[in-house]
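Need coordinates for the following:
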Amino acid sequence: MTYKTLDDMGDIRGKRVLVREDLNVPLSEAKVTDDTRLRAAVPTVAELSDKGAIVLVLAHIGRPKVPSPEFSTALVTKPFEAVLGRPVQYIDWENGPKAVAALQPGDVALLENTRFFGGEEKNDPAVIDRFAALGDLYVNDAFSAAHRAHASTEGLAHRLPAFAGRQMEAELAALGKALGNPEHPVAAVVGGAKVSTKLDVLTHLVTKVDHLIIGGGMANTFLAARGVNVGKSLCEHDLTGTAEQILEAADRANCTVHLPYDVVVATEFRPNPPTRIVNVHEVGADEMILDVGPAATEALADVLKTCRTLVWNGPLGAFETAPFDAATVSLARTAAALTREGSLVSVAGGGDTVAALNQAGVADDFTFVSTAGGAFLEWMEGKELPGVAALNR
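A predicted model of the protein is given here:
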């Protein structure tokens, strides 16, 4: 893949640079509760500002049906200013052209929510024109929005000279190492509640990795496909045939699928209920599988020790509720230790995954942790991301 980066921009002093960032942060009572995405935008915006560009940040908040204050980027302007360490102006669309014309080299402005235009999500040429009229150059730094062919994520790349920002560049480099051209053996951890949400991921991964570790509720569907009685566990019994097909495809591709053989069970799902550690064939009719057991977790750690590359999406158990975070935390710490010693390249992504790694205290020890959710999943499915493809020209 060939794309231009900030290093290819030349002299940009006084140039208006439209920078697509993902500032879609969680808000509670109009306050930012997690500024991870704000901080991820800092390197690109600060570098462009330092080079004398007029930096115009494009971003969306939520999924507004109509323009409304609760989805305004005005809510994140001051928080972004705080992490950026320099003034950030907020510009609404009504005053856009006039306000942009008054900006000076080095200034940073955050434009109103791109989704306040109905045509943004339809990649409407009229909306692309309106955005493009404000800038001279375009930078896409929002990998996490790159799976959407919207005006601000894809259309602008065809209208203005287009470049990848530092966060986008880092994401693409890390993903290339993880699945594009990885060092084998490669392991993938895929967890989460349902097989149905990750069918394409699993189908694609068995052709790409040497070890596929399946956890979370979706593991129960695979266990059921193998004839295991999973009791009251979350399980998509209608997809056991599909699970069996994935297992057969893995066999053909010489990919070893790892399912738990001991599990943590309880009769009710709440914090710290009475639990049992049992072999998967000993799950009671009134019990739920809520985590991978310690013996299987230790065996998975041994698998990672034989691997050179790891890609991780989704927890192994119901990690939000103690004590069902034990397997996820333990395996994440193993991966982090292997990464620190230089024997493993570890790439993780997805909201639950990032939360789980933070809970384990190891997010900073992984080679790369992606801020993306849907885009990370679609990349794991082997799909072309429109926002990335548009830069590759």
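
List the buried residues of the helix or strand containing residue 304.
Using DSSP states H and E, the element containing residue 304 is helix 294-305. The neighbour-count criterion (16 or more other C-beta atoms under 10 Å) identifies 296, 297, 300, 301, 303, 304 as the buried residues of helix 294-305. Glycine gets a C-beta too; all of them are placed from N, C-alpha and C.

Residue 205: which of these is nearest?
residue 303 (14.9 Å; C-beta to C-beta).

pretty sure that closest one is touching residue 258, no?
Yes: assessed by C-beta atoms under 8 Å, residue 303 is found in contact with residue 258 at 6.5 Å.

between those two, what contacts are shared?
211, 213 (C-beta atoms under 8 Å, 6 or more residues apart in numbering).

what ranges do the helices span in the chain?
Taking DSSP state H to define them, one finds helices in the chain at 36-50, 74-84, 96-101, 125-132, 156-159, 166-175, 199-205, 216-225, 240-252, 294-305, 326-340, 351-360, 374-380, 386-389.

chain center to the third one: distance?
Relative to its parent chain, helix 96-101 has a centroid offset of 33 Å by C-alpha atoms, centre = their mean, to the nearest Å.

what does the last one give?
Taking the mean of its C-alpha atoms, helix 386-389 sits 16 Å from the chain's own mean (C-alpha atoms, centre = their mean).

now swap in stretch 210-221 and tell me
With C-alpha atoms, centre = their mean, you get 19 Å for stretch 210-221.

avg pLDDT for it?
When pLDDT is averaged over stretch 210-221, the result is 96.

same question, stretch 261-279
Stretch 261-279 carries an average pLDDT of 97.

likewise stretch 319-331?
Mean predicted confidence for stretch 319-331 is 95.

Show me the contact partners of it.
189, 191, 215, 264, 269-272, 275, 290-294, 296-297, 300-301, 304, 315-318, 352, 355-356, 359-360.

ok, back up a step: in CSV: the helices of the chain, plus distance to residue 138.
Listed next are the helices of the chain as CSV, based on distance: least, C-beta to C-beta, whole Å:
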stretch, distance to residue 138
helix 36-50, 12
helix 74-84, 20
helix 96-101, 14
helix 125-132, 8
helix 156-159, 5
helix 166-175, 12
helix 199-205, 30
helix 216-225, 38
helix 240-252, 40
helix 294-305, 40
helix 326-340, 34
helix 351-360, 27
helix 374-380, 18
helix 386-389, 11
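
I'd like to know which of those lies nearest to residue 30.
With C-beta to C-beta as the measure, helix 74-84 is the member of the helices of the chain nearest residue 30 (5.5 Å).
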